[in-house]
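Visitor: got a predicted model here, sequence first, then my questions.
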Amino acid sequence: MAILNIVKIGDPVLRKTSRPIDKITDRIRLLAADMIETMHEADGAGLAAPQVGVLRRMVVIETEDEITYVMINPEIIERCGRQRNVEGCLSVPGEWGVTDRPETVTVKYTDLDGKEQTLSGSELLARAICHELDHLDGKLFIDGALMLDENEISQLRRGEFDAQAKVDATEGDKYEQ
Ligand code: NI
């Protein structure tokens with residue numbers, strides 16, 4: 001296995017649409033193993049194949065309980081509710097933003113054994129699923145996020161940042177204009 005280079009923002013590969021995987025080959029299995037190792041090394045909660053320069057529809061996600069999922073050709077089949085919380089991305093180092101995501105999602109995917117699976121996730125897992133799947137369509141969290149300034153990033157590091165307060169303040173500004 002190997003640690004792969006994570007592509008950073010500005011590289012056009014991050015804006016391309018990834019192709020479906022039609023056959024799970026040894027190469028795909030090796031890529032999955034390398035992506036998991038790379039995600040762990042970078043201390044991330046997820047990684048999508050285009051982030052390592054491979055335009056194929058595969059993501060790896062690790063939950064707070066340290067369960068690792070490899071999702072091939074994933075597709076969100078159900079979205080419920082709404083959450084506003086902070087996201088970052090290994091391809092956008094040092095930046096954080098408040099995103100608007102469903103509270104719960106159900107994703108359908110193929111696992112490394114070629115079996116169809118479905119998984120429902122809430123909160124952080126729902127955000128991770130949405131975030132990683134967006135990468136497969138060339139989307140980045142910064143596209144729709146309220147980005148944090150330096151002061152807010154310091155608050156976030158101290159565990160004092162209030163995402164909802166930022167949303168409320170921003171929506172308040174909208175009405176004042
Ligand atoms: Ni990302």
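Guide: Perfect, I can see it now.

Visitor: could you dump the helix or strand of the chain with the lowest mean pLDDT to CSV, C-alpha only?
Guide: Here the helix or strand of the chain ranked lowest by mean pLDDT, DSSP states H and E is helix 163-176, holding a mean of 82. What follows is helix 163-176, C-alpha atoms only, in CSV (Å, rounded to 0.1, in the frame of the first residue of the first chain):
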residue,chain,number,x,y,z
ALA,A,163,-22.5,27.6,13.2
GLN,A,164,-26.1,28.5,13.6
ALA,A,165,-25.2,32.0,14.9
LYS,A,166,-23.3,32.6,11.7
VAL,A,167,-26.2,31.4,9.6
ASP,A,168,-28.6,33.6,11.5
ALA,A,169,-26.3,36.6,11.2
THR,A,170,-25.8,36.1,7.5
GLU,A,171,-29.5,35.6,6.8
GLY,A,172,-30.2,38.7,8.9
ASP,A,173,-27.8,40.6,6.7
LYS,A,174,-29.7,39.5,3.6
TYR,A,175,-32.9,41.1,4.9
GLU,A,176,-31.1,44.4,5.7
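
Visitor: state the number of residues packed around residue 27.
Guide: Counted with other Cβ atoms under 10 Å, residues neighbouring residue 27 total 11. Bear in mind the C-beta positions are built from the backbone N, C-alpha and C, glycine included.

Visitor: residues in contact with the helix or strand containing residue 69?
Guide: Using DSSP states H and E, residue 69 maps to strand 68-80. Here strand 68-80 makes contact (Cβ atoms under 8 Å, 6 or more residues apart in numbering) with 20-21, 24, 28, 32, 35-36, 57-63, 102-112, 117-120, 129-130, 132-133, 136.

Visitor: re earlier: and the contacts of the least confident helix or strand of the chain?
Guide: 84, 85, 86, 98, 146, 148, 152.

Visitor: kindly report the same for stretch 30-42.
Guide: Contacts to stretch 30-42, defined as Cβ under 8 Å, 6+ apart, come from residues 1-4, 6, 45-47, 49, 52, 54, 56, 58, 60, 62, 68, 70, 90, 112.

Visitor: ranges for the strands of the chain?
Guide: Using DSSP state E, the strands of the chain run over 46-48, 58-62, 68-80, 83-87, 97-101, 104-110, 116-122, 146-147.

Visitor: deepest of those strands, which one?
Guide: Mean neighbours per residue, mean count of other Cβ atoms under 10 Å, is largest over the strands of the chain for strand 46-48, with a mean of 27.

Visitor: that one pairs with which strands?
Guide: For strand 46-48, the paired strands and their directions (DSSP bridges) are strand 58-62 (antiparallel).
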